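Visitor: quick one: sequence and predicted model below, then my questions.
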Amino acid sequence: MEPGEIHALLGENGAGKSTLMNVLYGLYQPDEGEILVDGRPLKLKGPSDAIAAGIGMVHQHFMLVPVFTVAENVMLGAEQVKGGFTGFLDRRRARREVAEVSERYNLRVDPDAVIEDLPVGIQQRVEIVKALTREVDLLILDEPTAVLTPQETEELLAVMRSLKAAGKSIVFITHKLGEVKAIADRITVIRRGKTVGTASPSASRDELAALMVGRSVRLTVDKKPATPGKPVLEVSGLVVDDDRQVRAVDGIDLTVRAGEVLGIAGVQGNGQTELIEAIMGLRPVLAGTVTLDGEAVHGWSTKKVLRAGVGYVPEDRSVDGLVKEFSVAENLVLDIYDQPPFGKGLSLKPDAIAKSAKERIEQFDVRTSSADAPVGTLSGGNQQKVIVARELSRPLKLFIAAQPTRGVDVGSIEFIHSRVIRERDIGTAVMVVSSELDEVIGLADRIAVMYRGRIIGVVGPDTPREEIGLLMAGITPDTAPANPTDGTPGAAVPEVPVEEDEA
Amino acid sequence: MSTMAVPEVAVTAVDEGFWTRARKTGAVLLALGVLAVALFGALATGQQARFTLSETEGGAALAINGTVGAILFGLITAAAGAALLAGVPKRWSTVLLGVGLVGFVLSFLCWQVSAAPAGNNFMPLVNVVRNTFYLALPLIFGALAGVLCERSGVVNVAIEGQLLMGAFSGALFGSLSGSVWVGLVAAALGGAFISLLLAVFAIRYLVDQVVMGIVLNLLAVGVTGFLYERLMQTDATKYNSAPRFGNWEIPLLKDIPLIGPALFRSNLFLYLGLLLVLVIHIALFRTRWGLRTRSVGEHPTAADTLGVKVLRLRYRNVLMAGLVAGVGGASYTLALYSFTKNMIGGKGFIALAALIFGRWSPTGALLAALFFGFADQLATYLGAIGSSIPSQFLAMLPYLATILAVAGLVGKVRAPAADGKPYIKG
């Protein structure tokens, strides 16, 4: 890092960006290696050492006490006190300090406002003020735009420019290409915990995208050509919001046929998660239709969707896929525990559950000490196999797998992939969402690329990676450049033309 | 960018509509007022209801015709309720709620006192005030112990055990040494001992804090009960005859009518309790320690990223809580009674209720404790004048009020966000 430089750290979720920065901030201890500041090695025992060394950090999840005022949050840990050992807070001085910093860097905040009443954009500003009052030279911003609206993102970038002008260095962590190109002086791309390359901001979007998703590991999947049958899942005009009530899926049409795998590719945060959750009944559908075998299923409960013959591997297994404290056997019947032969009325049938568990463990090669072991004690790959086993144990019309092999060892990846293909071959419609482009290319018979809440193109699996990479960056072959506002940040935030709001 | 229309459309503010919390409270008060006018007014007699400013029937007194008083105060309650219902600025709502409740209680008292048998239809206010404070005292210490713990994010269900251990060790070491001061220090350390166990298991070993608190209460009952039977019952003069703090009269203040004789001719513990409320309140909201304590109780990760030592602060606060509760226990054995088995008798849990009722603030807890103390005293008083209402029914009312309070009658009751959640670094 050099003074007055904005250095972007680019990588997919789970690539190790945040971990690296938490080490820099003294929250985690490094297992090996050292940190150099001004050429001298630095040993950080905790965040206070980092602050003393001039390093400040704005965390992805804000580190603000919601019931405190802005001034209280800013002074916490570095309180100005009077009255000797009694330590009475000098609130007036704290307020003045906040006012000074906000004046100097043009970061308007009201020192007496209570944090929980403020919008996220302002809360983030408070975080920056907090770091600046500690006179840091290096500011780490961890995914700062993930929670912001496009306008707030614009404002943040302006703030970053003025900080840079004031000689502060900034590490900017993100997975959004547009923002990086708009602001960074230097770009380092991280993938699976390793630096895979550095680039200048003049590098094209597809170069960056290719670096991010990687081309080192090519997993091949043996499969015969697909024999697609009738359409099973039909999505038309689907509109869905994300948790912040910002449009995430913006008018998607897609069809998945029996006996084919539709892969969904795209940089994370372009609406893939929301699309799948809307189909599964986990997220309200604002407009459009979802039909399964010709029957409209939008507005159904998730349970009803599952019972209609849909299998679902959620993208985060520890949150949505498994009950970690429950045993392997119990997790294997989470979807059908109330159906014969596993349960009837108020009672469960432990013998039937145990027998079925034994069979599944064998069939799906789940490595566990016993069927009664808590599923949380298994390795990631084996946990994922438990989910896959559960979902594929019912007769399915449609199988949706989101990030099916994230954090899974190579052996399990192969196994899961072969199972996905086997499901396709028995005539199930399959949809695979993955941020690993290799996985999508390996499994899919058709690839739909999502960008800003829309499907920007549907291509065959033989399409060159570079072309798909361009699509992921929002550039279509015929309309290049598809995104005229190339410098605009917020690659993950869809544009919403006004006329479609009525849909 | 054209996207900006979207968030505004999608976000719909939660609209409370006509029935805001203040209006609901107003409706309840209005109903209580009408009830007071109709029921208490009808049942009260035309006799004078006398509220004497002394401990006896004689002397200066406030007197009012029973029926008139019951109806008048009932009307005040109804008026306060009506005002809330009509809608008033927010800062007035708490005041009106207070006026309404006091009016209701006074209306009730006018009925009870005027309807009491001849010779009994007076209420000695000095006694009532003094006993209210004495009954509230262990609750005050206990609730303060709760404030210290829970504001830093450690749930303190062990208040009962801390009080009991304080009472026991105060009695034991006071007796052995013959010094009230040695007893006082021992009592504080006794409470801190229970706290230490709570801190180590809750902070270091991440044991569920509520479960740990209950276990510690049982442990305290067991240990003190065993030692009581083995030592104190066999040789009470040696082990259970602690010297007691006498009453200290505060010059000038003791001559204030009503308050003087009720409060300023008391023992050390009352003064200490009130002083601690004040000190802890100021410290919590005005000092560095207080800011850090509250930050650790609300968002320990945020505090940690700013260099606040979360675990160390929690240990310190939990131990301080034990010291305070221990002294609270000694307010029994070094001032009023000799030690008996399980002598706290659930007051620690009522202190917990006072803590919640008082919204985790020292002054709030003081008011809540006084409210419980008053209700307790009222039940005793009504029993003494031969009231038609069973005293057990009255004794139940404070807890009913707590349930209503926690259900939201007095506004949003919100515990520190990290209360009860162990902090694991990383």
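Guide: On my side now, so go ahead.
Visitor: and residue 107, how many neighbours?
Guide: Since no chain was named, I'll use chain A. Using other CB atoms under 10 Å in any protein chain shown, A:Leu107 has 20 neighbouring residues. The way it works is simple: take the backbone N, C-alpha and C, and place the C-beta from them, glycine included.
Visitor: not quite, I wanted chain B
Guide: Neighbours of B:Ser107 (other CB under 10 Å): 29.
Visitor: again, but for B:Leu85
Guide: Neighbour tally, B:Leu85, other CB under 10 Å: 17.
Visitor: need the contact list for the spatially closest residue to it that is not a sequence neighbour.
Guide: Spatial nearest neighbour of B:Leu85, excluding adjacent residues (CB to CB, 6 or more residues apart in numbering or on different chains): B:Gly26 at 3.6 Å. For B:Gly26, the contact set (CB atoms under 8 Å, 6 or more residues apart in numbering or on different chains) comprises B:80-86, B:96.
Visitor: what about 6 Å?
Guide: By CB atoms under 6 Å, 6 or more residues apart in numbering or on different chains, B:Gly26 lies in contact with B:81, B:84-85.
Visitor: cool, and A:Gly167?
Guide: Counted by CB under 6 Å, 6+ apart, A:Gly167 has contacts A:3-4.
Visitor: how much space between it and A:Met57?
Guide: Applying CB to CB, to the nearest Å, the value for A:Gly167 to A:Met57 is 18 Å.
Visitor: in helices only, show me the contacts of B:Gly26.
Guide: When the contacts of B:Gly26 are checked against helices (DSSP state H), the matches are B:81, B:84-85.
Visitor: circling back to that earlier point, closest to A:Asn331 among the contacts of B:Gly26?
Guide: Sorting the contacts of B:Gly26 by how near they are to A:Asn331, with CB to CB, puts B:Leu84 at the top with 52.9 Å.
Visitor: spit out the contact partners of the closest one.
Guide: B:22, B:25-26, B:96.
Visitor: ok, for it, nearest residue in space, not its chain neighbours?
Guide: Nearest residue to B:Leu84 in three dimensions, chain neighbours excluded: B:Gly26, at 2.8 Å (CB to CB, 6+ apart).
Visitor: and if you look at A:Leu132?
Guide: Nearest to A:Leu132 is A:Val101, by CB to CB, 6+ apart, at 5.0 Å.
Visitor: which SS class is the one you found?
Guide: helix (DSSP: H, G, I helix; E, B strand; the rest coil).
Visitor: that one against A:Thr133, yeah?
Guide: Yes - here A:Val101 reaches A:Thr133: they are 5.4 Å apart, a contact under CB atoms under 6 Å.
Visitor: can you tell me how far B:Phe73 is from chain A?
Guide: Going from B:Phe73 to chain A by CB to the nearest CB, to the nearest Å gives 38 Å.
Visitor: number of nearby residues for that residue?
Guide: What B:Phe73 shows, counting by other CB under 10 Å, is a neighbour count of 26.
Visitor: check A:Asp293 too.
Guide: Applying other CB under 10 Å, I find that A:Asp293 has 16 neighbouring residues.
Visitor: with the one 4 residues further on instead?
Guide: Neighbours of A:Val297 under the rule other CB under 10 Å: 20.
Visitor: and what of A:Asp112?
Guide: For A:Asp112, using other CB under 10 Å, the count is 12.
Visitor: so for it, what's the pLDDT?
Guide: Note on A:Asp112: pLDDT of 91.
Visitor: quick one: the closest residue to it other than its chain neighbours and A:Arg465, what's the gap?
Guide: Among residues not flanking A:Asp112 along the chain, A:Thr69 sits closest, at 5.4 Å (CB to CB, 6+ apart). A:Thr69 is 52 Å from A:Arg465, where distance means CB to CB.
Visitor: B:Ile194 now?
Guide: Going from B:Ile194 to A:Arg465 by CB to CB gives 66 Å.
Visitor: beyond whatever helix or strand A:Glu414 lives in, next helix or strand please.
Guide: Using DSSP states H and E, A:Glu414 falls within helix A:410-425. With elements assigned by DSSP H and E, the helix or strand that comes after helix A:410-425 is strand A:429-433.
Visitor: for that following strand, what is the average pLDDT?
Guide: Strand A:429-433 comes out at a mean pLDDT of 95.
Visitor: partner strands of it and their direction?
Guide: strand A:261-265 (parallel), strand A:398-402 (parallel) (DSSP bridges).
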